[in-house]
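Enquirer: Sequence plus predicted model, see below.
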Amino acid sequence: MNRSGIFHVVVIVAGLLCAGRRVNAEQELNLWYNQPAKQWVEALPIGNGSFGGMVFGGTAEERIQFNDDTLYTGEPHDYAHKGAVEYLPELRKLLFEGKQNEAHALGNKEFMSVNTHGRNTQEAYQPFGSINLSFPGHETFTDYYRDLDLNEATATTRYKVGGVTYTREVFASYPDKAIVMQIKADKKGALNFNAAFSCQHKGAAIKAEDDTIILTGQVERGKTRFEARLKIMILGGKLEAGDKGIAVSNADSAVLILVGASSYVNYKDISGNPAEICEKRMNKACAKKYGELRMAHVEDYQKLFKRCTLDLGVTDKAKIATNNRIKSFGPEDPQLATLFFQYGRYLLIACSRPGSQPANLQGLWNEMKNPPWESKYTININTEMNYWPAELTGLSECHVPLFDALKDLSVSGRNVAKEHYGARGWVLHHNFDVWRGAAPINNANHGIWVTGGAWLSQHLWWGYAFSGDKNFLEKDAYPIMKEASIFFLDYLVEDPKGKEKYLISGPSNSPERGGLVMGPTMDHQIIRTLLRNTAEAARILGVDKDLQKQWTKTANRIAPNQIGTQGQLKEWFYKEAPNTRHRHVSHLWGLHPGLEIHPRRTPELAEACRTTLKFRGDGGTGWSKAWKINFWARLLDGEHSYKMLAEALRGNTYPNLFDAHPPFQIDGNFGATSGIAEMLLQSNGKEIEILPALPSAFKNGKVTGLRARGGFAVDIEWKNGKLLSVTIHSLLGTDCSVLYKEKARQLHLKRGQTIQFVEKDF
Ligand code: FUC
């Protein structure tokens with residue numbers, strides 16, 4: 001899928017952010033430290049979408065642990081449980097009769113995935129290997145500094161030994177499909193080191209030949225084969241291949257190129273030839289000089305990264321190393337919020353580019369053979385959160401891997417729709433993996449949840465809503481949305497009790513809370529939104545008139561949102577249990593990321609969401625706090641939204657700014673980026689609201705290149721909490737209304753037209 005083109009509006013960036021190399025560390029967008037990483041969550045991530053590394057910045061011992069996003073345990077496999085549909089009526093009956101325990105038992109026995117390894121889960125994302133560099137005599141050093149520069153997507157390590165300054169620069173290049181490192185000494189002939197590979201997979205082979213080390217093997221609990229090659233090129237001195245590594249002596253500088261590949265072709269085919277791919281990639285990359293590789297990388301990266309800039313001002317707090325700075329985050333350090341915002345964008349560019357797998361629970365970065373939750377895709381919040389900043393912050397290309405995965409899932413999920421529900425269309429439950437498993441896993445009490453595909457299909461709609469790209473809607477989005485919607489025509493059942501005869505979802509659950517039920521509110525919000533958006537897509541494309549009618553009629557009959565006895569939004573249609581601090585707040589989906597609840601359009605329901613959030617409190621895991629940043633922004637409460645940002649940063653962030661669930665889980669990074677964007681701009685296709693939830697801590701600032709539904713790029717500047725100017729660039733020529741502090745202006749811009757106005761224009 002190609003979604004570039006329409007969004008290639010390169011925004012001209014204010015001086016502070018676009019300056020080339022750093023003048024002084026504290027003013028730039030970088031994470032920086034005064035010591036090497038001891039733990040993995042102190043190392044700095046680099047990535048080109050598919051291939052990434054964690055850079056430790058060691059002195060005597062440097063390590064770059066690397067991953068390829070296709071390495072999973074297992075092999076191609078269909079998880080659907082043949083004949084599960086026979087038990088569907090009984091499951092519904094038991095649940096309508098209030099016999100939940102019996103329903104859980106039946107579900108666990110007859111309705112779960114069929115898998116190959118005897119455990120009721122999917123397969124695990126795997127580590128690839130590490131480059132280990134040893135620098136004899138570098139145990140004692142001075143003037144140490146390392147950083148990750150978000151402007152150039154490059155990690156640097158610098159220190160002195162015996163009066164000589166050693167500098168290493170490393171980046172992962174998307175255009176050249178390689179990780180590239182340059183090592184320099186500022187004294188001729190002073191560079192001595194040994195290079196080696198290590199790998200955790202039993203049976204992996206490592207050999208050195210001339211200037212190249214080669215690692216080959218197969219995933220230990222799986223069938224996917226892999227190969228990595230590290231080539232070392234030096235200036236001055238000499239290079240010697242040993243049995244398993246390479247020794248460099250008395251060189252002036254060295255360039256290291258790492259390539260890697262696996263035999264994974266797609267979820268049904270693992271017959272690829274990693275050696276051939278490595279060979280091709282290496283030949284292409286090493287034909288270029290280091291400077292050329294670096295320039296191509298920076299140019300490619302900045303094309304995306306610089307589309308959206310944020311400046312909230314810089315204070316002296318920026319002079320504190322990143323690891324020490326996090327704990328004291330507050331209004332005195334607005335630039336840390338900027339850094340966190342841009343880090344989310346950096347990470348998305350680093351782990352999700354066209355051709356790659358989507359960002360999983362750890363994005364792309366994993367050193368464990370048994371990672372938490374298999375480091376795959378949990379889709380009852382986590383994977384979706386990964387993609388919240390994609391359209392909002394001008395990174396629509398980064399959304400593409402998710403869309404590509406949906407294409408696969410709409411095929412594997414079709415079989416699950418048939419075998420489990422006797423339904424047309426496709427369905428996806430609360431997880432998937434690289435083999436595109438779509439059937440329920442773990443336990444019936446939370447694994448049988450039917451709206452994973454329906455939620456993800458909204459991302460296709462948002463892809464269209466922000467870009468207006470009809471070609472994308474027709475070819476990529478609509479076919480998948482259509483089949484997802486058809487599933488629910490067959491799946492929903494009538495409420496057997498009420499006279500309204502509402503349509504109810506079930507068996508399903510309100511993610512991870514309250515067990516298997518009929519009628520979780522979140523399902524109803526998601527399905528209603530899906531059906532309406534799909535009907536709208538069909539209308540825009542001028543197709544499927546009958547289905548349009550059926551979808552609209554069905555959507556209107558789905559059980560509505562309800563307010564509970566304590567003023568909260570009810571989490572289930574048939575029961576309530578509001579008094580909990582549970583991390584999932586699924587039934588507020590209609591507030592965010594959905595659009596059906598809003599303080600001005602549906603004030604009672606919005607108030608009920610506020611009450612629910614008060615019950616839930618401000619605690620939670622990393623992603624839970626990140627979702628709450630977004631919820632409070634949508635409730636137009638900038639102070640509470642900022643409070644959640646501070647809670648997330650201070651309480652759930654590792655030294656390398658990775659989100660701490662704990663353990664590390666990347667969703668919270670992306671949720672925070674989206675939350676900050678939602679404080680500054682919100683849109684629903686009709687209205688664009690400027691500074692809807694500006695917190696007092698963001699007193700002065702400027703943002704450029706935020707995106708709004710309908711195809712707009714928006715720049716906003718404010719001072720002392722008041723709007724100075726807003727610039728709206730229309731990419732499509734659609735009409736909209738611009739809102740600031742509840743005053744509206746109608747806009748009728750032509751495609752490509754830009755308008756600027758100031759506060760008094762409202
Ligand atoms: C869901 C969440 C957990 C975690 C896991 C990956 O199960 O409830 O908190 O994020 O996904």
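Expert: Happy to help now that I have it.
Enquirer: Which strand or helix spans His729?
Expert: strand 722-730 (DSSP states H and E).
Enquirer: for Ile676, same thing?
Expert: Here Ile676 is assigned to helix 667-680, by DSSP H and E.
Enquirer: So is stretch 495-515 next to the ligand?
Expert: Yes. On the criterion CB under 6 Å from any ligand atom, stretch 495-515 is in touch with the ligand at Glu512. Yep, even glycine has a C-beta here, placed from its N, CA and C like the rest.
Enquirer: Show the residue spans covered by the helices in the stretch 401-550 of the chain.
Expert: For the stretch 401-550 of the chain, applying DSSP state H, counting those that start in this stretch gives helices covering 444-447, 452-467, 470-472, 478-491, 521-541, 545-557.
Enquirer: Check the stretch 1-150 of the chain too.
Expert: 15-18, 88-96, 100-110.
Enquirer: Let me see the contact set for Asn48.
Expert: For Asn48, the contacting residues are Ala172, Ser173, Tyr174, Lys177, Ala178, Ile179, Ala350, Arg353, by CB atoms under 8 Å, 6 or more residues apart in numbering.
Enquirer: So which of those residues sit within helices?
Expert: Among the contacts of Asn48, the ones falling in helices (DSSP state H) are Ala350.
Enquirer: Show residues contacting the strand holding His729.
Expert: 9, 688, 690-691, 711-718, 738, 740, 747, 749-759.
Enquirer: The next helix or strand after that strand pairs with which strands, parallel or anti?
Expert: Remark: after strand 722-730, the chain's next helix or strand is strand 735-740, criterion DSSP H and E. Paired with strand 735-740 in the same sheet, following DSSP bridges, are strand 687-690 (parallel), strand 743-748 (antiparallel).
Enquirer: next helix or strand past the first one?
Expert: Put plainly, it is strand 687-690. strand 701-708.
Enquirer: tell me the angle of that following strand relative to strand 722-730?
Expert: Here strand 701-708 points in a direction 30 degrees away from that of strand 722-730 (axes from the mean of the first three to the mean of the last three CA atoms, to 10 degrees).
Enquirer: Strand 701-708 - contacts with which helices or strands?
Expert: Applying 3 or more CB pairs under 8 Å, 6 or more residues apart in numbering; DSSP states H and E, we find strand 701-708 packed against strand 309-311, helix 388-392, helix 667-680, strand 681-683, strand 712-719.
Enquirer: Need the CA coordinates for that strand. PDB is fine.
Expert: The C-alpha trace of strand 701-708 is given here as PDB (Å, rounded to 0.1, in the frame of the first residue of the first chain):
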ATOM      1  CA  GLY A 701       4.300  27.400  22.800                       C
ATOM      2  CA  LYS A 702       4.200  26.700  19.100                       C
ATOM      3  CA  VAL A 703       3.200  23.500  17.300                       C
ATOM      4  CA  THR A 704       3.400  23.000  13.500                       C
ATOM      5  CA  GLY A 705       2.000  20.300  11.300                       C
ATOM      6  CA  LEU A 706      -0.700  18.700  13.400                       C
ATOM      7  CA  ARG A 707      -3.300  17.000  11.300                       C
ATOM      8  CA  ALA A 708      -7.000  17.300  11.400                       C
END
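Enquirer: If you count neighbours, what's buried in it?
Expert: Gly701, Lys702, Val703, Thr704, Gly705, Leu706, Arg707, Ala708 (16 or more other CB atoms under 10 Å).
Enquirer: what does the stretch 51-200 of the chain put close to the ligand?
Expert: Residues of the stretch 51-200 of the chain lying near the ligand (CB under 6 Å from any ligand atom): none found.
Enquirer: Let me know which of the helices and strands packed on strand 701-708 is tucked in deepest.
Expert: For those, the largest average neighbour count (mean count of other CB atoms under 10 Å) is found in helix 667-680, namely a mean of 29.
Enquirer: what does the model give Lys306 for pLDDT?
Expert: Lys306 is assigned 97 on the pLDDT scale.
Enquirer: where does the spatially most central residue of the chain sit relative to Leu191, distance-wise?
Expert: By CA atoms, centre = their mean, the chain has its centre lying nearest to Asn386, at 2.3 Å. According to CB to CB, to the nearest Å, Asn386 and Leu191 sit 40 Å apart.
Enquirer: same deal with Phe66?
Expert: Counting by CB to CB, the gap from Phe66 to Leu191 is 22 Å.
Enquirer: quick one: which of those two has more around it?
Expert: Neighbour totals were compared for Phe66 and Leu191, and Phe66 leads with 27 against 23 (other CB atoms under 10 Å).
Enquirer: Could you pull up the residues touching the closest residue to Ile527 other than its chain neighbours?
Expert: Distances taken as CB to CB, 6 or more residues apart in numbering put Phe488 closest to Ile527, at 5.1 Å, once the chain neighbours are dropped. With contact taken as CB under 8 Å, 6+ apart, Phe488 is in contact with Gly425, Ala454, Ile527, Leu530, Leu531, Thr554.
Enquirer: since we're on the last one, how many residues are nearby?
Expert: Spelled out, that is Thr554. Based on other CB under 10 Å, the number of other residues close to Thr554 is 19.
Enquirer: With the third one instead?
Expert: When neighbours are defined as other CB under 10 Å, Ile527 has 27 of them.
Enquirer: ok, now the fourth one?
Expert: The number of residues packed near Leu530 is 25, by other CB under 10 Å.
Enquirer: Tell me how far it lies from Ser505.
Expert: For Leu530 relative to Ser505 (CB to CB), the value is 11 Å.
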